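Asker: model this:
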Amino acid sequence: MPSCFSLTRRGDSGRAILQEIDKDICQNLDIPFNEKEWAHGWYNFIGLALAMGHSLEYIIDLCWKHEEWLSLRIAAYLNENYTSDAWHEFK
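Answerer: Numbering: from 1, shown residues only. Okay, here's the model as predicted:
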């Protein structure tokens, strides 16, 4: 049973493309963009936490407690600019 998530830019009605969000993160947080890797691995940590049903606020708190400063900046940026949704797909 896959766990899925999406992010929607605040004010938009449709889901954003995750690769475009990655470019947005890099551009706005001055992180070098790499087409083969997510900025600071955000998809693997923040994306997984969102897919598991955690809120961006929870992720921000977790990053703060563990002193993950760049992940904290990314999660805070996402929280300011996007809304998240999570669901399970049965196959």
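
Asker: Do you have the helices of the chain handy? List them.
Answerer: 18-29, 42, 48-51, 56-65, 69-81 (DSSP state H).

Asker: Can I get those helices in a markdown table including mean pLDDT, mean neighbour count and distance to Leu7?
Answerer: (Glycine included, C-beta is placed from N, CA and C.) Converted to a markdown table, the helices of the chain look like this (pLDDT from 0 to 100; neighbours: other Cβ atoms under 10 Å; distance: least, Cβ to Cβ, whole Å):
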| stretch | mean pLDDT | mean neighbour count | distance to Leu7 |
| --- | --- | --- | --- |
| helix 18-29 | 97 | 16 | 6 |
| helix 42 | 97 | 23 | 11 |
| helix 48-51 | 96 | 19 | 8 |
| helix 56-65 | 97 | 16 | 9 |
| helix 69-81 | 98 | 18 | 7 |
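
Asker: His88: which of these is closest?
Answerer: Comparing the helices of the chain by their distance to His88 (Cβ to Cβ), the top pick is helix 48-51, with 9.0 Å.

Asker: Tell me which other helices or strands the closest one touches.
Answerer: For helix 48-51, the contact count by 3 or more Cβ pairs under 8 Å, 6 or more residues apart in numbering; DSSP states H and E identifies strand 3-9, helix 56-65, strand 82-88 as packing neighbours.

Asker: Residues in contact with that helix: which ones?
Answerer: Contacts made with helix 48-51 from outside it, assessed by Cβ atoms under 8 Å, 6 or more residues apart in numbering, are listed as 3-5, 7, 56, 58-59, 62, 84, 86.
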